[in-house]
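S.K.: give the three-dimensional model of this entry:
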Amino acid sequence: MRKEIVNNWEIQTTGDPFVDTGGIVIEYLINKYPEKSILQLIELATDIYIKQWNNNLHTFFLNSTITHNSNKGQKGINKTITLYKGFLEGKEADGREAEDSFCRITGKFGKVFNATRDNHIMSGSGTLINFHHGFETGIKLSKEALISILFLPLGVEQLGDKVAILASNNDDVSRFFINKNIENNFKDIASGISKAIQRSDFSNPTNALFDYASQCIENIKIATYDDEKETSATKGITLNLFHFTNFSSQVTISLYELPSTVFGFYTYCYTKYKTEWLNFIYHFYNSSKFKNATYDNITSKWTSSKEIIDYQTFRMWKNQVYEMLIRGQPLHKVFLKHSQKHKLNFKIVELYQINIQKMDKRTLLKIKDLANFIVDKRSDDEIKKSMTRLNGAKSSHELRFILLKFLGANYIEGKEKPLFTIEEYADYLFPDGSNWREIRDLVLIAVYQKLHEANKIVGVELIENVFDNQINEN
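M.R.: Below is the predicted model:
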């Protein structure tokens, strides 16, 4: 746990995204203004909130000294400074001496204060005591926690109609995004154009989360890969996006997580096979406003009957692959749909299956052996016949029969090595709990990729419409 004393002010990592974000803002401001005390930094932030942003923090603090209509201008500033100066002196909002107890967030013993929706986020109000432990008039927090939350707005973004906090289990990653927001805020304030917190280009949290991942890769330089083996500090990094509003009766929060496995997979694709990965991803953007639009590989743009849509526009559209990665839905149908017409390095598929789907590497070796058998030294008609059989399989029994037919054909052709052994058949192609459709689709994907490499076109209509049904359900 990170714990520092900077200018006599404790900055501690707590695990609470609101407090930790505000703590990093305080850390930034102490470094920027080392001559200022914590109370002077509170005055600085309050001045921005009320004078620059015209009390426009309703998504953070409900009916507070900053946001209530009666607290405009200097009156609101005075009330806010008095309130937080009281916290520093151990006094509650009404002037009473605060009690001694443990802070519910930091775990630190000392003076604790009532935290409700006017000074804390996603909490209860003073009148709705059932929100708090022991029916108290507020959750009991230390001055460090409450003051950190006050600084939160300077380090976050507006994402659509709610606020977004980006938090990571890696402090450097969290600090990069929070500091970026702070710097942009102060830049806009200096230019006289700042009216509220920073606004993201995105309105879709999933797209924003993958954009954050791209920024990590491009700017923080935390990842390098050696083929399929992770060799850097990227391993274990998780990104969490908290999407919330504390506004009136609309209070809500949603969590979007990019797990370390998905972040590592995305990093690998983005760094090792960026052109192929982006070509794959770009095909799966869609917008209800452009239902008949098609993607052009050459121009990297979408085209509709009305206009040409470039990346800066279509990157805001919903992306089916991103949505499925976030939800933990398998991608083999997506890979198959794309592979029918486009080349996709099979290493991307392998990495996904091994690291996210936890597939045994030996299963993928057998799948590639099957693809080699179907394609190598075969006529187009023979390849098409084998693919049609595979594609037509409607049960595990049918797929097993087809693969056994391949095994027999391999023997009849006089091959020295069997296509697969009984152990490989049982342990790798059809182990307990395996998904026969996934095995079938991966064989077809591997076949399509070999055909792309050989510049062969063998048209086989996919019989199942599972992919489209899956997307419609989303």
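S.K.: which parts of the helix or strand encompassing Gln215 are buried?
M.R.: In the assignment (DSSP states H and E), Gln215 maps to helix 205-215. Residues of helix 205-215 classed as buried: 205-213 (neighbour count, 16 or more other CB atoms under 10 Å). No exception for glycine: its C-beta is placed from N, CA and C like everyone else's.
S.K.: one more: stretch 414-432?
M.R.: Neighbour counts over stretch 414-432 (16+ other CB under 10 Å) mark 419-420, 424-425, 428-430 as buried.
S.K.: which one of those sits closest to Ile26?
M.R.: The nearest member of the buried residues of stretch 414-432 to Ile26, counting by CB to CB, is Tyr428 at 54.2 Å.
S.K.: now that closest one. Nearest residue, chain neighbours left out?
M.R.: Spatial nearest neighbour of Tyr428, chain neighbours left out: Thr363 (4.3 Å); criterion: CB to CB, 6 or more residues apart in numbering.
S.K.: show me how far the helix holding Gln215 is from its chain's centre.
M.R.: Averaging C-alpha positions (CA atoms, centre = their mean, to the nearest Å) puts helix 205-215 6 Å from its chain's average.
S.K.: check which helices and strands it is in contact with.
M.R.: Contact here means 3 or more CB pairs under 8 Å, 6 or more residues apart in numbering; DSSP states H and E; on that basis helix 205-215 packs against strand 162-168, helix 171-191, strand 239-245, strand 252-258, helix 260-272, strand 318-319, helix 320-327.
S.K.: gap between the residue nearest to Tyr428 and His58?
M.R.: Separation of Thr363 from His58 (CB to CB, to the nearest Å): 54 Å.
S.K.: tell me which of these two has more neighbours.
M.R.: Taking other CB atoms under 10 Å, Thr363 and His58 do not tie; Thr363 has more neighbours (21 against 17).
S.K.: ok, now which ones touch that one?
M.R.: Listed by CB atoms under 8 Å, 6 or more residues apart in numbering, the contact set of Thr363 reads 353, 428-429, 431, 439.
S.K.: pretty sure it sits in a strand.
M.R.: No - per DSSP: H, G, I helix; E, B strand; the rest coil, Thr363 lies outside any strand segment and is helix.
S.K.: can you tell me how far it sits from Tyr84?
M.R.: Going from Thr363 to Tyr84 by CB to CB gives 60 Å.
S.K.: go on, Met316?
M.R.: Counting by CB to CB - Met316 and Tyr84 are separated by 39 Å.
S.K.: ok, now Gly95?
M.R.: Distance from Gly95 to Tyr84, by CB to CB: 14 Å.
S.K.: please apply the same query to Gly107.
M.R.: Going from Gly107 to Tyr84 by CB to CB gives 22 Å.
S.K.: neighbour count for those two, which is higher?
M.R.: Shown here are Gly107 and Tyr84; by other CB under 10 Å, Tyr84 has more neighbours (23 against 11).
S.K.: now the more buried one: closest residue in space, sequence neighbours ignored.
M.R.: Leaving out its chain neighbours, the residue that sits closest to Tyr84 by CB to CB, 6+ apart is Ile42, at 5.0 Å.
S.K.: pLDDT at the one you found, what is it?
M.R.: At Ile42, the pLDDT value in this model is 96.
S.K.: likewise the one 3 residues further on?
M.R.: The confidence metric pLDDT takes the value 96 at Ala45.
S.K.: run a quick neighbour tally on the residue nearest to Ile178 when sequence neighbours are not counted.
M.R.: Closest residue to Ile178 apart from its sequence neighbours, by CB to CB, 6+ apart: Gly155 at 4.0 Å. Gly155 has 27 neighbours, counted by other CB under 10 Å.
S.K.: cool, Gln312 as well?
M.R.: Counted with other CB under 10 Å, the neighbours of Gln312 add up to 8.
S.K.: ok but it is inside a helix, no?
M.R.: Yes - checked against three-state DSSP, Gln312 lies within a helix.
S.K.: helices or strands up against the helix or strand where Phe280 lies?
M.R.: Secondary structure from DSSP H and E places Phe280 in helix 274-282. Helix 274-282 makes packing contacts with helix 320-327, helix 346-355 when contacts are defined by 3+ CB pairs under 8 Å, 6+ apart.
S.K.: thought Trp436 was touching Leu399?
M.R.: Yes - the criterion here is CB atoms under 8 Å, and Trp436 meets it with Leu399 at 5.1 Å.
S.K.: which residues of the stretch 101-250 of the chain score low on pLDDT?
M.R.: Counting by pLDDT under 70, the stretch 101-250 of the chain contains low-confidence ranges at 125-137, 221-235.
S.K.: tell me where the stretch 301-450 of the chain has strands.
M.R.: For the stretch 301-450 of the chain, the strands defined by DSSP state E, counting those that start in this stretch occupy 301-303, 308-309, 318-319.
S.K.: and the last one, what other elements does it pack with?
M.R.: What it means is strand 318-319. The contact analysis (3+ CB pairs under 8 Å, 6+ apart) places strand 318-319 against helix 205-215, strand 285-286.
S.K.: show residues contacting the first one.
M.R.: The reference is to helix 205-215. Residues outside helix 205-215 that contact it (CB under 8 Å, 6+ apart) are 159-160, 164, 166, 176-177, 200, 202, 239, 241, 243, 254, 256, 258, 263, 266-267, 270, 315-316, 318-319, 322-323, 326.
S.K.: of those residues, grab the buried ones for ChimeraX.
M.R.: Buried subset of these, written as a ChimeraX selection, criterion 16+ other CB under 10 Å:
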select :159,164,166,176,177,200,202,239,241,243,256,258,263,266,267,270,315,316,319,322,323,326
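S.K.: out of the strands of the stretch 301-450 of the chain, which comes closest to Arg117?
M.R.: Nearest to Arg117, of the strands of the stretch 301-450 of the chain and by CB to CB, is strand 318-319 at 32.3 Å.
S.K.: returning to that earlier point: using TSV, lay out the buried residues of stretch 414-432 together with distance to Ser148 and pLDDT.
M.R.: What follows is those, written out as TSV (distance: CB to CB, whole Å; pLDDT from 0 to 100):
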residue	distance to Ser148	pLDDT
Leu419	62	95
Phe420	59	95
Glu424	57	94
Tyr425	59	94
Tyr428	52	95
Leu429	54	95
Phe430	54	94
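S.K.: from these, pick the one nearest Leu336.
M.R.: So of these, ranked by how close each gets to Leu336 (CB to CB), first place is Leu429, at 17.6 Å.
S.K.: export stretch 179-193 to CSV, keeping only CA atoms.
M.R.: Below are the C-alpha coordinates for stretch 179-193, written out as CSV (Å, rounded to 0.1, in the frame of the first residue of the first chain):
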residue,chain,number,x,y,z
ASN,A,179,-2.4,13.9,-14.0
LYS,A,180,-3.4,14.2,-17.6
ASN,A,181,-6.9,15.4,-16.6
ILE,A,182,-5.5,17.9,-14.1
GLU,A,183,-3.0,19.3,-16.6
ASN,A,184,-5.8,19.7,-19.2
ASN,A,185,-8.0,21.4,-16.6
PHE,A,186,-5.3,24.0,-15.6
LYS,A,187,-4.4,24.6,-19.3
ASP,A,188,-8.1,25.4,-20.0
ILE,A,189,-8.4,27.5,-16.9
ALA,A,190,-5.3,29.5,-17.9
SER,A,191,-6.9,30.0,-21.4
GLY,A,192,-10.2,31.1,-19.8
ILE,A,193,-12.2,28.4,-21.6
